[in-house]
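J.: Next one to model:
(one chain, ligands or ions: 1)
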Amino acid sequence: MQTRCALVGLPGSGKTTVGRHLARRLELPFIDLDQRLEDVLGSSIRQYFEECGEESFRDREQALLAELAAQPGPVVLSTGGGAVLRAANRAVLRSSFAQVFYLRATPEDLWRRLRHDRTRPLLQVHDPLGRLRELHQARDPLYREAAHFVIETGRPSVHTLVNMVSMQL
Ligand code: S3P
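T.: Residues are numbered from 1 along each chain as shown. This is a model prediction of the structure:
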């Protein structure tokens, strides 16, 4: 069986951590879209946002996602939290990956995990928890549209989350 799966969700939902563990468990290649983007852009995402703006970042993100989705073969892909913003990306995710998982978490849980993180450009604001609440409200329907499964992350361990995802594959 050829396993292809992608993880979507807000920043701090565990996409990269769960994706990496899942790939190791299933002995599959792991791709972190943000990491690949930083390699291609030659700068950190935060720096690229500051220098070129969010729209330009979204263009580059869309192009890379389309390129990766077109490559055949097994893969675990963790996406950036905003990859679902564009309808084209949601369609690519649903059609090109066998299974797409939305790692869902409350804004409060996300904030608990991200409060010391300074790498997320969208959270460099006066009220980051308020920002996470807005993002959650705006994007929850988009993640649901892109995904085949919703995994409520709450407080289970990474190990439990990996089990929950791999049971569906
Ligand atoms: C973004 C999330 C980030 C990164 C960029 C934009 C977003 O990825 O792609 O900063 O719009 O939510 P993570 O979800 O891995 O933090």
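J.: Just want the most central residue of the chain.
T.: Nearest residue to the geometric centre of the chain (CA atoms, centre = their mean): T79, 3.2 Å.
J.: got a list of what the closest residue to that one other than its chain neighbours touches?
T.: Closest residue to T79 apart from its sequence neighbours, by CB to CB, 6 or more residues apart in numbering: L33 at 4.8 Å. For every residue, glycine as well, the C-beta is placed using N, CA and C. Going by CB atoms under 8 Å, 6 or more residues apart in numbering, L33 touches 61, 64-65, 68, 77-80, 83.
J.: Could you restrict the residues you listed to the ones contacting the ligand?
T.: G80 (CB under 6 Å from any ligand atom).
J.: Where is the longest helix in the chain?
T.: Determined from DSSP state H, the single longest helix within the chain is helix 128-146.
J.: List the neighbouring strands of the next helix or strand after it plus their orientation.
T.: Next along the chain after helix 128-146, taking DSSP states H and E as the criterion, comes strand 149-152. Using DSSP bridges, strand 149-152 pairs in its sheet with strand 99-104 (parallel).
J.: Can you show me the helices along this protein?
T.: According to DSSP H, the helices that the chain contains are 15-26, 33-41, 45-52, 54-70, 87-96, 107-114, 128-146, 158-166.
J.: May I see the buried residues of the fourth one?
T.: Neighbour-count burial for helix 54-70 flags 57-58, 60-62, 64-65, 68-69 (criterion: 16 or more other CB atoms under 10 Å).
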